[in-house]
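Visitor: Got a predicted model here, sequence first, then my questions.
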Amino acid sequence: MNVFRRRCLVAIFPATVLWLAGCVQPVPRPELAVLKRTAQDPNTQLAWLDRLTWGASASSQAELTKLGLEPWLQQQLNARPAKLPAAAQAQIDAMTISNVPLEQVAAALDAQRKAQEAAPDPEQKRAATLPYQQDSARMARETQQRFILRALYSPSQLQEQMTWFWMNHFNVSSRKVNLRGAIADYEENAVRPHALGKFRELLGATLRHPAMQRYLDNAQNAGNRLNENYARELMELHTLGVDGGYTQADVQELARVLTGVGITLRPEPGPPANLKPALAADYVRQGLFEFNPIRHDYGAKTLLGQPITKRGLAEIDEALDRLARAPATARFISRKLAVFFVSDEPSDALVARMAAAFTRSDGDIASTLATLFATPEFAASLGHQFRDPLHYVVAGVRLAYDDRVVSTVDPVLGWIDRMGEPLYGHETPDGYSLTRAAWSGPGQMVTRFEIARTLGASGGMLFRGNDPSKPAGAAFPALAASQVVATLERHFGAPTRAALADAKSPQDWNTYLLASPEFMNR
């Protein structure tokens, strides 16, 4: 029997323990006190909801109205383990990625790969390749499905948004086939627990994960065979930014620091047999992560004008501390957050306020966001941030069906793929663009209209699962009866009002609403 068809119980992931521990005492955000005096009307509250969640829905609107904006936002910034609707959680619980630990996944895929390579003739090689490809593809699909279910139904909506933001920032791609089995664990245990926590901890967790080590080739980085890929992206894309003041010499020095860091699939728990006794104490293994002194460059190093003073794996932590706490990193991360939440060209003054909060809080992401959310620039931007394909589709489903749990998210994934933003599908390490220009071309608008027509007229397909004969309930959503839509309509322009008034059927009305210029923004 294929190892992925067998279920093995995973007691508690270490990241889950960290997550629970971090949620015992909610941290109040005094910056948000200003919201007690503002944003009391339903229109403004709905605009906040549409920006900070994956899209306004009736149940989320009711929750915000009950709590008030400031308490609701405090709660979102102190996200706890989210309880999904039972039907959504059952779908996640049935997935291989929920039941088989990464170590077992990696070992099985490696065995399949070796069987493929050892096959004596082309026909046998093709036959041996099939299980590897099928298992990898299934786990990649499950990772996408799990994300959509959480985006649709998790009460911790801001955490879900930030999980996607950081997965895009620390991008790894499922197009690299040998990563497909690792991305689910990367998101679950390296990114999600730190999505609203300390940037330094997030940075370290991504570095130590096999998905990142393999994606940017640091697993091949050694003292006698330097690979600069990860070192370059670690500075250019993850921390300092392209204008962060580092040099090519810094890239080379950081690559030397990162030598020895990689992954291991050896079944033996101890160090490699050929490791010299003098270096044995430097060897570190945690799951698949390995620091192997045999591959490490122990020579003197200088990074960003200062010497590296530690030895072995501690060098990496010293380098990460330096990068995470650099002023350039505070500005780079703050600007990227401002682009995501405010505008394509945030003001220097806004970025400076956020960078000051980032530095003052030692890189606390929630504190930096609280500073952002309390600014006039954020309030003025509400309703004007263009939805990328993922935000557009998920917002449409949330608005149309609220907390009614779909039987399949495959149509949702298909719509996102059609618009060019498949989850975990961006091949290069820079991640998907966050700006309007990347997603607002004529072809994109035509595709969005077609998706609006499908969701507005036959959204019932989401509730049939893989059985076309299964009853789906209503064939299309009753958007005209939604209280959320009633609130949104107050701000529609004359062309959208005229189009809705001319609709010949409820299906047409739904289509015009979901394809309206106003619904393209959040």
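Guide: Here it is on my side, so go on.

Visitor: Output the below-cut-off pLDDT ranges for the stretch 51-200 of the chain.
Guide: 177 (pLDDT under 70).

Visitor: please redo it, this time with the cut-off set to 80
Guide: Segments of the stretch 51-200 of the chain classed as low confidence (criterion: pLDDT under 80) are 79-80, 113, 125, 128, 177-178.

Visitor: That one: helices as residue ranges?
Guide: Using DSSP state H, counting those that start in this stretch, the helices of the stretch 51-200 of the chain run over 58-67, 69-77, 86-93, 102-118, 122-153, 157-169, 183-185, 199-208.

Visitor: In TSV: these, plus distance to M235.
Guide: All C-beta spots, glycine's among them, are computed from the backbone N, C-alpha and C. Formatted as TSV, those follow (distance: least, CB to CB, whole Å):
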stretch	distance to M235
helix 58-67	38
helix 69-77	29
helix 86-93	36
helix 102-118	27
helix 122-153	28
helix 157-169	14
helix 183-185	23
helix 199-208	11
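
Visitor: Any regions of the stretch 351-500 of the chain where pLDDT drops low?
Guide: Along the stretch 351-500 of the chain, segments meeting pLDDT under 80 span 465-474.

Visitor: quick one: the helices in it?
Guide: 365-373, 376-381, 389-401, 410-418, 442-458, 483-489, 494-501.

Visitor: Show me what the first one is packed against.
Guide: Other elements packing on helix 365-373 under the criterion 3 or more CB pairs under 8 Å, 6 or more residues apart in numbering; DSSP states H and E are helix 69-77, helix 327-341, helix 348-360.

Visitor: buried stuff in the shortest one?
Guide: I take that to be helix 69-77. Counting neighbours by 16 or more other CB atoms under 10 Å, one finds that the buried residues in helix 69-77 are L69, E70, W72, L73, Q74, Q75, Q76, L77.

Visitor: with the residues you listed in mind, which one is nearest to I148?
Guide: The shortest gap between I148 and any of these belongs to Q76, at 19.7 Å (CB to CB).

Visitor: Identify the residue spatially nearest to the closest one, adjacent ones excluded.
Guide: The shortest distance from Q76 to any non-neighbouring residue, by CB to CB, 6 or more residues apart in numbering, is to L158 (3.9 Å).

Visitor: repeat for N274
Guide: Distances taken as CB to CB, 6+ apart place I294 nearest to N274, at 6.9 Å, with adjacent residues excluded.

Visitor: S381 too?
Guide: Leaving out its chain neighbours, the residue that sits closest to S381 by CB to CB, 6+ apart is V342, at 4.7 Å.

Visitor: Next, count neighbours for that neighbour.
Guide: 25 (other CB atoms under 10 Å).

Visitor: Likewise for E489?
Guide: The number of residues near E489, taken as other CB under 10 Å, comes to 16.

Visitor: again, but for Q306
Guide: Residues within reach of Q306, counting by other CB under 10 Å, total 9.

Visitor: How about P376?
Guide: When neighbours are defined as other CB under 10 Å, P376 has 9 of them.

Visitor: list the contacts for the most centrally placed residue in the chain?
Guide: Central residue of the chain (CA atoms, centre = their mean): W164, 2.2 Å from the mean position. Contacts for W164 (CB atoms under 8 Å, 6 or more residues apart in numbering) come out as F147, A151, L390.

Visitor: Compare those residues and tell me which is most surrounded.
Guide: Neighbour-wise, the contacts of W164 (other CB under 10 Å) top out at A151, 26 neighbours.

Visitor: Just list the residues touching the residue nearest to S381, thanks.
Guide: L350, L372, E377, F378, S381, Q385.

Visitor: which of those residues lies closest to R175?
Guide: Of the contacts of V342, the one sitting nearest to R175 (CB to CB) turns out to be Q385, at 27.9 Å.

Visitor: what number of residues lie near the closest one?
Guide: Here the count is done by other CB under 10 Å, and Q385 has 21 residues near it.

Visitor: How about V105?
Guide: By other CB under 10 Å, neighbour count at V105 equals 23.

Visitor: pretty sure it is touching G181, no?
Guide: Yes. At 4.5 Å, V105 counts as touching G181 under the criterion of CB atoms under 8 Å.

Visitor: Overlap of the contact sets of these two?
Guide: Between them, V105 and G181 have M139 as joint contacts when contacts are counted by CB under 8 Å, 6+ apart.

Visitor: ok so, going back, quick one: which of the contacts of W164 is nearest to H209?
Guide: Checking those one by one against H209 (CB to CB), the nearest turns out to be F147, at 16.8 Å.

Visitor: wait, isn't the closest one in contact with P422?
Guide: No. Using CB under 8 Å, F147 makes no contact with P422, being 11.3 Å away.

Visitor: ok, back up a step: A151 is in contact with the residue nearest to Q76, correct?
Guide: No. Using CB under 8 Å, L158 is not in contact with A151; the gap is 11.6 Å.

Visitor: Tell me if P267 really is in a helix.
Guide: No. Under DSSP: H, G, I helix; E, B strand; the rest coil, P267 sits outside any helix and is assigned coil.

Visitor: who's in contact with it?
Guide: Contacts of P267 by CB under 8 Å, 6+ apart are A107.

Visitor: same question, W439
Guide: Per CB under 8 Å, 6+ apart, neighbours of W439: F386, R387, D388, P389, M419, E421, S433.

Visitor: what does N221 give?
Guide: N227, Y230, A255, L258, T259, G260, V261, G262, R295.

Visitor: ok, so of those, who is nearest A499?
Guide: Using CB to CB, the contacts of N221 come closest to A499 at Y230, 50.2 Å.

Visitor: where does that closest one land in three-state SS?
Guide: Y230 is classified as helix under three-state DSSP.

Visitor: just checking, it touches A219?
Guide: No. Between Y230 and A219 there is no contact under CB under 8 Å: 9.2 Å.

Visitor: which neighbours do the two share?
Guide: Joint contacts of Y230 and A219 (CB under 8 Å, 6+ apart) are Q213.

Visitor: Looking at these two now, which is surrounded by more residues?
Guide: Taking other CB under 10 Å, Y230 and A219 do not tie; Y230 has more neighbours (24 against 20).

Visitor: So the more buried one versus R146, what's the distance?
Guide: Computed with CB to CB, to the nearest Å, the distance linking Y230 and R146 is 27 Å.

Visitor: T53 too?
Guide: Distance from T53 to R146, by CB to CB: 18 Å.

Visitor: More neighbours: which of these two?
Guide: With neighbours defined as other CB under 10 Å, T53 and R146 compare such that T53 has more, 26 against 21.

Visitor: ok, the nearest residue to that one once chain neighbours are set aside - how many residues close by?
Guide: Spatial nearest neighbour of T53, excluding adjacent residues (CB to CB, 6+ apart): Q157 at 3.7 Å. By other CB under 10 Å, 24 other residues sit near Q157.
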